[in-house]
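Trainee: the following comprises the amino acid sequence and a computationally predicted model.
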Amino acid sequence: QVQLVESGGGLVQAGGSLRLSCIASGHTFNRYTMAWFRQASGKEREFVAAIIWSGSNTYYEESLKGRFTISKDNAKNTVYLQMNSLKPEDTAVYYCAAGSFLSGSYWNPSIYIYWGQGTQVTVSS
């Protein structure tokens with residue numbers, strides 16, 4: 001049974017940093033793409049960043065480049081999202097996702113087959 005478990009969310013002041021973690025279990029993810037999405041209240045889920053599990057390619061929502069960094073630790077089966085210079089508009093539930101593809105429309109949430117339960121990030125002004 002595949003499980004993605006996120007952690008690391010919380011309340012932070014604007015300008016602060018958080019690091020989210022996603023521990024993946026129950027499957028071999030060598031041919032998977034791992035991603036972070038977020039969903040603010042009343043809005044659609046949006047792409048944040050993605051990383052190829054077996055390589056080093058990373059992809060970002062253009063507007064988040066330079067502030068957010070996705071990385072992974074294969075030995076720990078964990079994907080991270082380092083978020084710096086946080087803004088109130090970054091407030092959302094952040095979700096970890098896994099998709100069984102190595103290239104394609106990584107920004108499209110509908111092609112990811114496994115999802116975590118989400119972790120709340122709240123940035124105060």
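Mentor: Yes, it's here. Residues are numbered from 1 along each chain as shown.

Trainee: phi, psi for the most centrally placed residue in the chain please.
Mentor: Geometric centre of the chain, nearest residue: residue 36, 2.0 Å, by Cα atoms, centre = their mean. Torsion angles at residue 36 (phi, psi; degrees, to the nearest 10) stand at phi -120, psi 130.

Trainee: quick check: chain neighbours aside, which residue is closest to it?
Mentor: Excluding the flanking residues, the one nearest residue 36 by Cβ to Cβ, 6 or more residues apart in numbering is residue 48, at 4.2 Å. C-beta here means a position set from N, CA and C on the backbone, and glycine is covered the same way.

Trainee: name the element that neighbour belongs to?
Mentor: Assessed by DSSP states H and E, residue 48 sits inside strand 46-52.

Trainee: what pairs with that strand, parallel or antiparallel?
Mentor: Looking at strand 46-52 with DSSP bridges, its partner strands are strand 33-39 (antiparallel), strand 58-60 (antiparallel).

Trainee: and those strands, which is most packed in?
Mentor: Most buried of the strands paired with strand 46-52 by mean neighbour count (mean count of other Cβ atoms under 10 Å) is strand 33-39; its value is a mean of 23.

Trainee: check the secondary structure at residue 89 for me.
Mentor: Secondary structure, DSSP: H, G, I helix; E, B strand; the rest coil: residue 89 is helix.

Trainee: about what we covered before: can you redo the strands paired with strand 46-52 as JSON lines with mean pLDDT and distance to residue 120?
Mentor: Converted to JSON lines, the strands paired with strand 46-52 look like this (pLDDT from 0 to 100; distance: least, Cβ to Cβ, whole Å):
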{"stretch": "strand 33-39", "mean pLDDT": "97", "distance to residue 120": "10"}
{"stretch": "strand 58-60", "mean pLDDT": "96", "distance to residue 120": "22"}
